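Novice: coords please:
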Amino acid sequence: MTASETKPRINLQCFDAIQISLSIEKEGLAFYKKAVQNTKNRDVKTLFTQLAEEEEEHIRILRVKERCLLPALKGKSDAPRQDLDQFISQELKGRIFPIVTGKSAKIPQVEHDFEVLDIGIESEKRSIALLSELLHQERKIDVRVIFGHLVVEEKRHLEALQELRKKLPSQAV
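Specialist: Numbers count the residues shown, from 1 in each chain. Next up, the predicted model:
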């Protein structure tokens with residue numbers, strides 16, 4: 001039995017795909033901002049700054065899409081989507097990127113910048129895997145487009161992290 005066969009499937013709409021994407025992007029943004037503060041290597045700081053800026057841009061674009069959909073949702077059920085909220089809290093929160101919200105939050109204990117890069121790499125891989133699974137399960141083209149676009153962006157992030165990781169020796173600061 002595969003992971004997708006054991007998880008209950010929720011019926012996603014375009015607005016739901018945006019909410020899932022926003023959740024992932026917000027956690028990525030928080031992680032990369034915190035990573036900038038917790039690293040010393042100039043190249044690592046530069047990459048994390050760039051990735052944080054890209055996450056901010058992705059969030060901005062998703063918010064525009066969200067606002068465009070709101071008029072179409074007026075008059076529909078105002079009841080919260082419990083299945084979507086449950087999916088986000090159980091499948092996303094802290095499962096892709098480490099939770100780094102709040103002033104006291106920290107990236108897991110690391111001694112070297114390459115370890116923070118490794119956390120970013122693994123986080124992007126988890127994001128790609130989850131989004132790819134959602135993309136594979138989905139039939140609605142609008143939902144697929146949202147997830148497909150984000151998979152492409154996450155793959156670009158992964159590639160940038162892996163490229164820098166190769167250049168940074170394991171014993172580097």
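
Novice: What does the pLDDT read for the closest residue to Ala30 other than its chain neighbours?
Specialist: Spatial nearest neighbour of Ala30, chain neighbours left out: Val100 (4.8 Å); criterion: CB to CB, 6 or more residues apart in numbering. (Each C-beta comes from the backbone N, C-alpha and C, glycine too.) As summarised for this prediction, Val100 has a pLDDT of 71.

Novice: Tell me which helix or strand Val100 sits in.
Specialist: Using DSSP states H and E, Val100 falls within no helix or strand.

Novice: can I assume it is in contact with Gly28?
Specialist: No. With contacts counted by CB atoms under 8 Å, Val100 stays clear of Gly28, the gap being 10.1 Å.

Novice: what's near enough to touch the spatially most central residue of the chain?
Specialist: In the chain, the residue lying closest to the centroid (CA atoms, centre = their mean) is Ile24, at 3.0 Å. With contact taken as CB atoms under 8 Å, 6 or more residues apart in numbering, Ile24 is in contact with 92, 96-97, 127, 130-131, 150.

Novice: could I get these as CSV with distance to Val116, neighbour count and pLDDT?
Specialist: As requested, those are exported to CSV (distance: CB to CB, whole Å; neighbours: other CB atoms under 10 Å; pLDDT from 0 to 100):
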residue, distance to Val116, neighbour count, pLDDT
Leu92, 21, 19, 85
Ile96, 16, 23, 92
Phe97, 12, 28, 91
Ser127, 16, 26, 96
Leu130, 21, 20, 94
Leu131, 22, 25, 95
Leu150, 22, 23, 96
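
Novice: and those residues, which of them are in strands?
Specialist: Per DSSP state E, strands hold no members of those.

Novice: show me where this structure has helices.
Specialist: Secondary structure of the chain (DSSP state H): helices located at 3-6, 14-37, 42-73, 82-87, 113-137, 141-167.
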